[in-house]
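**Student:** I need the structure of the sequence given here:
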Amino acid sequence: MEIFEELKERGLIAQVTDEKEIKELINGGGARFYIGFDPTADSLHVGHFMALCLMKRLQMAGNKPVVLIGGGTGYVGDPSGRTDMRSMLTPEMIEHNCACFKKQMERFIEFGDDKAIMVNNADWLLKLNYVEVLREVGACFSVNNMLRAECYKQRMEKGLSFLEFNYMIMQAYDFYHLNGQYGCNMQFGGDDQWSNMLAGTELIRKKTGKDAYAMTITLLLNSEGKKMGKTAKGAVWLDENKTTPYEFYQYWRNVDDADVMKCIKMLTFIPMSEIREMENWDASRINEKKEILAYELTKLVHGEEKAQAAMAQAKAAFGGSFDDLPETEISVENPTVLSVLVAAKLCASNGEARRLIQQGGVSLNDKKVTDINAPVISGDILHKGKKIHLRIKLV
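**Tutor:** Okay, here's the model as predicted:
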């Protein structure tokens, strides 16, 4: 099965500008495509993960990715899918977030000569002359058409700032710039970006006379039509300091039964032949499917070792044995319960760890801890609440 047909069967394709041309391009490995990521936080989240997986699939099929970090568009903020204006980020915050994104992306995408490149639109957007943009780019846009775009409609009642109104033009200019600079002929993005992406293909056509293409990825929605990747604590992050591998594993382990196969198709790299077999499994094997989903995604994001550890923790937390719990290496000078909780990233600070111990939320080898300075040795099993368990190896 070729890549375009596989993307369709996995349910990843939402909208395309020119299906025949796009199919030929990506099946033949001829797409020089880009996906943009605005640095609105210091970590990528599950929503970005889906785009990264698409990028990885296309790269494996011989296409050339351009990863666009929105250091310039981050100054404005995308109004798509928003009912209010995004918080304004400082230049320092944007720069820091861009660096965090780059580090995480290198775990998914292979960068290098004739492979993938990473660019930052701050390098060209921040140098633009306002009057020149109005004359050279603004003249190509119809305000009437822009106001009909879905990304602006839901903001019109509460008020759409002129700052955000310019976002579509900036994104379109990105595509135009990448087309001229790197021969970028396709853009991929979430389905909520459709209007912005069409603006880019239209700008390229008007300015150069060349064709460029766009394809949107199906949004990851649950059976109730709500975006997936959110918990009571907020977003599910790819940074293990914000969402631990265990929490990440548990999020996917606990998805609704109706969403399991959709997530396996859209997010994992399990071959479609195996997925088709799984679809015919008896309903009694639903938990097995969930474990496969959780393990495969945790392995993709955090590596095999941490995925195995998360799976073992989950089994131990829900009635299993601690005998198979893998060791977690901890480097700390004075190994007490307090210091190990922080070093293992089970608590963000000494104060949080102290409160947790005082509230009776920590056990060592199944015995409740009351002394924050209780010593920890290699082989001890540290319990945080009833669901998180670590076998400690001091290094």
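**Student:** Which of the three states applies to Asn179?
**Tutor:** Secondary structure state of Asn179, per DSSP: H, G, I helix; E, B strand; the rest coil, is helix.
**Student:** which residues touch it?
**Tutor:** Asn185, Ile204, Thr208, Lys210, Ala212 (C-beta atoms under 8 Å, 6 or more residues apart in numbering). C-betas here are computed from N, CA, C, even on glycine.
**Student:** For the third one, grab the count of nearby residues.
**Tutor:** If I follow you right, that is Thr208. For Thr208, the number of neighbouring residues by other C-beta atoms under 10 Å comes to 12.
**Student:** before we move on, back to that, if we only consider the contacts of Asn179, which is nearest to Ala122?
**Tutor:** Taking C-beta to C-beta as the measure, Ala122 lies nearest Ile204 of the contacts of Asn179, at 21.1 Å.
**Student:** Around Glu124, how many other residues sit close by?
**Tutor:** Let me fix one detail, which is that residue 124 is Trp and not Glu. 15.
**Student:** What pairs with the one helix or strand Lys393 maps to, parallel or antiparallel?
**Tutor:** Applying DSSP states H and E as the criterion places Lys393 in strand 388-394. Using DSSP bridges, the strands paired with strand 388-394 are strand 327-330 (parallel), strand 381-384 (antiparallel).
**Student:** follow-up on the earlier one: now secondary structure and pLDDT too, for the contacts of Asn179, in JSON lines please.
**Tutor:** Shown next, in JSON lines, are the contacts of Asn179 (DSSP: H, G, I helix; E, B strand; the rest coil; pLDDT from 0 to 100):
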{"residue": "Asn185", "secondary structure": "coil", "pLDDT": "95"}
{"residue": "Ile204", "secondary structure": "helix", "pLDDT": "96"}
{"residue": "Thr208", "secondary structure": "helix", "pLDDT": "94"}
{"residue": "Lys210", "secondary structure": "coil", "pLDDT": "93"}
{"residue": "Ala212", "secondary structure": "coil", "pLDDT": "96"}
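**Student:** now those: which count as buried?
**Tutor:** Neighbour counting with 16 or more other C-beta atoms under 10 Å marks Asn185, Ile204, Ala212 as buried within the contacts of Asn179.
**Student:** Surely the last one and Ala199 touch.
**Tutor:** No - in this structure Ala212 lies outside contact range of Ala199 using C-beta atoms under 8 Å: 11.2 Å.
**Student:** Packing partners of the host helix or strand of Lys8?
**Tutor:** Per DSSP H and E, Lys8 falls inside helix 3-9. Judged by 3 or more C-beta pairs under 8 Å, 6 or more residues apart in numbering; DSSP states H and E, helix 3-9 is in contact with helix 19-27, helix 46-60.
**Student:** What lies in contact with the last one?
**Tutor:** So the one you mean is helix 46-60. For helix 46-60, with C-beta under 8 Å, 6+ apart as the criterion, the contacting residues are 3, 6-7, 12, 26, 31, 33, 35, 37, 44, 65, 67, 105, 108-110, 115-116, 188-190, 217, 220, 227-229, 235-236, 238, 266-267, 269, 297, 300-301.
**Student:** Among those, the buried ones, what's the PyMOL command?
**Tutor:** Command for PyMOL, covering only those of those found buried under the criterion 16+ other C-beta under 10 Å:
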select buried, resi 3+6+7+12+26+31+33+35+37+44+65+67+105+108+109+116+188+189+190+217+220+228+229+235+236+238+266+267+297+300+301
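**Student:** Out of the contacts of helix 46-60, name the ones that lie in helices.
**Tutor:** Ile3, Glu6, Leu7, Ile26, Met105, Met266, Leu267, Leu297, Leu300, Val301 (DSSP state H).
**Student:** Can you lay out those as JSON lines showing distance to Met170 and pLDDT?
**Tutor:** Converted to JSON lines, the ones in helices among the contacts of helix 46-60 look like this (distance: C-beta to C-beta, whole Å; pLDDT from 0 to 100):
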{"residue": "Ile3", "distance to Met170": "30", "pLDDT": "96"}
{"residue": "Glu6", "distance to Met170": "33", "pLDDT": "96"}
{"residue": "Leu7", "distance to Met170": "28", "pLDDT": "96"}
{"residue": "Ile26", "distance to Met170": "26", "pLDDT": "96"}
{"residue": "Met105", "distance to Met170": "21", "pLDDT": "89"}
{"residue": "Met266", "distance to Met170": "29", "pLDDT": "95"}
{"residue": "Leu267", "distance to Met170": "30", "pLDDT": "95"}
{"residue": "Leu297", "distance to Met170": "32", "pLDDT": "96"}
{"residue": "Leu300", "distance to Met170": "31", "pLDDT": "93"}
{"residue": "Val301", "distance to Met170": "30", "pLDDT": "93"}
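**Student:** any idea which helix or strand comes after the helix holding Lys8?
**Tutor:** Note on helix 3-9: by DSSP H and E, the next helix or strand toward the C-terminus is strand 13-16.
**Student:** mind listing what's buried in that following strand?
**Tutor:** Ile13, Val16.
**Student:** Report the mean per-residue pLDDT for that strand.
**Tutor:** Across strand 13-16, pLDDT averages out at 95.
**Student:** by contact count, what packs against it?
**Tutor:** Using 3+ C-beta pairs under 8 Å, 6+ apart: strand 13-16 touches strand 213-217.
**Student:** What is the strand it packs on packed up against?
**Tutor:** strand 13-16, helix 19-27, helix 46-60, strand 186-190, helix 194-208.
**Student:** Within its sheet, name the partner strands of that strand and how each one runs.
**Tutor:** strand 13-16 (antiparallel), strand 186-190 (parallel).
**Student:** closest one to Tyr130 among those?
**Tutor:** strand 186-190 (24.7 Å).
**Student:** okay, the angle between the closest one and helix 194-208?
**Tutor:** 160 degrees (axes from the mean of the first three to the mean of the last three C-alpha atoms, to 10 degrees).
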